[in-house]
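Engineer: Quick check, what structure comes out for this input:
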Amino acid sequence: MTGSAVSAVEARRTLLLLTVTRWFPVGLVIGVTTLLALERGMSLTQLAVILSMQGLVVLGLELPTGGLADALGRRPVLIAAGVVALVSGLIFVTAHTFGAFVVALLLQGLFRALDSGPLEAWYVDTAQGDDPEVRVEVTLAHAGTALGIAIASGALVSGALVAWHPIPFLTALELPYWVALAFYVVNLVAIAMRMRESRTHLDSTGLARALRSAREAPRTVTGGLRTLASSPVLRALVLVEVFWSIGMIAFETFMPVRLSELVGGQTPAGALMGPVSAAAWGLFAVGSTLAGIASRRFGVGRTALWARVLNGALVVVMGLATGPFGLITAFLFTYTLHGSGGPVHSALLHREADAGNRTTVLSMNSMVAGGSYVVGLLVLGPLAEHTSTALAIVVAGTFSILGAALYLPAIRQERAANRVATEPVTSG
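Structural biologist: Sure, this is the predicted structure:
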């Protein structure tokens, strides 16, 4: 879809709307994904392998799909991502074997690779095209807030559906998945109707350009790596994801497992994870809002550093908790800091990118995250199965704290830029 130039205000509204429609169905399934696989007989090691499939695909396709979005347009790539998400979700909810779960997560990885970056890149380029002085970090923080509210709402609905269990021929953990599939359709329709690009990427020679982009994927990867090599600040920012991703395994994947151990089963844990996840993502939204305030007062880099340190420390507390109350409390605070870290990390990445490589830069960041997630799962899954879930959580949290030091180059650059901006102008 093309048309007249989109204003910064309209771009902001579209970003927020599509953020909500994209992440609400994630909220529906986020608390029951691991529990459903365990309910169908998967072990923790098998679960780790299943979930790692997504990261493997992301690792291989992030840069090529990022370059594809920059070359062909963000809208068609997002529509393709939505279709893949539907197929992946359908396979997952009907899977009863290890192989079927693996296929579902392979497709989920393709979805994440296609989905990572185009909407945010579209917003930044569209808003700056209309108003070069627009503060994109403020809207990115608001998008983080919208994301948190959307996931929180979905999780609350999910918990209610599990507790209610109104359809006898479905298990309590299956229904949220079927509802999520319906909302993925809503997201597809919203993208088609609301997202406009000021120029057409996919014109009469679109098919040829698409094939050429696929052939140029290795060059895209090489260009992305060259960009990393030429920018120490960007390189450090992307490497933060190595540590951040390991911490996320603890509070995304192992939290429901640990809760089920403490409350006595997957179904009661699934019912609890609804309101708990809703509260967590509500606090994620609060954390995103606070990040916007803190970044104006203390700087974007310093806000990112402290969000990372505190988030990792709270993951360690989760692992040390011996009862459900302590685990849930630490989990809630962990998500608050998780929400604070996202928008400021994104803002720092955007400072190192331009319109020609913005999606590629975001894809490099996500690619490193996906690869690190794979390695982390394959290490932490067997560790949890052969020792304890609690120990795996502590190890993940401790490791994730170390990544905070990688924000130091961005902080130094930010301070230098501020000094230049405040120096008095003298005439010769």
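
Engineer: need the helix or strand of this protein with the lowest average pLDDT.
Structural biologist: Of all helical and strand segments in the chain, the minimum by mean pLDDT, DSSP states H and E falls on helix 206-215, at a mean of 55.

Engineer: host element of residue 60?
Structural biologist: Using DSSP states H and E, the element containing residue 60 is helix 44-72.

Engineer: Tell me which other helices or strands whatever helix or strand comes next after that helix touches.
Structural biologist: Once helix 44-72 ends, the next helix or strand along the chain (criterion: DSSP H and E) is helix 74-94. Helix 74-94 makes packing contacts with helix 44-72, helix 98-115, helix 118-130, helix 175-194 when contacts are defined by 3 or more C-beta pairs under 8 Å, 6 or more residues apart in numbering; DSSP states H and E. (Glycine included, C-beta is placed from N, CA and C.)

Engineer: Roughly how far does residue 402 sit from residue 362?
Structural biologist: Applying C-beta to C-beta, to the nearest Å, the value for residue 402 to residue 362 is 23 Å.

Engineer: give me the low-pLDDT residue ranges for this protein?
Structural biologist: Counting by pLDDT under 70, the chain contains low-confidence ranges at 1-4, 62-67, 198-221, 223-224, 356, 359, 421-428.

Engineer: quick check: longest helix of it.
Structural biologist: helix 266-298 (DSSP state H).

Engineer: correct me, but residue 174 touches residue 93?
Structural biologist: Yes. Using C-beta atoms under 8 Å, residue 174 is in contact with residue 93, at 6.1 Å.

Engineer: Mind listing the shared neighbours of the two?
Structural biologist: residue 36 (C-beta atoms under 8 Å, 6 or more residues apart in numbering).

Engineer: May I have the residues that are in contact with the residue found closest to residue 252 once you drop the neighbours it is linked to in the chain?
Structural biologist: Leaving out its chain neighbours, the residue that sits closest to residue 252 by C-beta to C-beta, 6 or more residues apart in numbering is residue 30, at 7.5 Å. Neighbour list for residue 30: 151, 154-155, 158, 252, 277 [criterion: C-beta under 8 Å, 6+ apart].

Engineer: Pull up the gap between residue 30 and residue 399, please.
Structural biologist: 23 Å.

Engineer: Could you check how many residues crowd around the residue nearest to residue 149 when sequence neighbours are not counted?
Structural biologist: Distances taken as C-beta to C-beta, 6+ apart put residue 285 closest to residue 149, at 4.9 Å, once the chain neighbours are dropped. Neighbour count for residue 285, taken as other C-beta atoms under 10 Å: 23.

Engineer: How about residue 179?
Structural biologist: 16.

Engineer: Repeat that for residue 263.
Structural biologist: 16.

Engineer: relative to helix 175-194, how tilted is the longest helix of the chain?
Structural biologist: 40 degrees (axes from the mean of the first three to the mean of the last three C-alpha atoms, to 10 degrees).

Engineer: who does the helix or strand following helix 266-298 touch, helix- and strand-wise?
Structural biologist: Sequence order places helix 300-320 as the next helix or strand after helix 266-298, per DSSP H and E. Under the contact criterion of 3+ C-beta pairs under 8 Å, 6+ apart, helix 300-320 touches helix 232-248, helix 266-298, helix 324-351, helix 389-401, helix 408-422.

Engineer: And these: which comes nearest residue 181?
Structural biologist: For those, proximity to residue 181 was assessed by C-beta to C-beta; helix 266-298 is nearest, at 17.9 Å.
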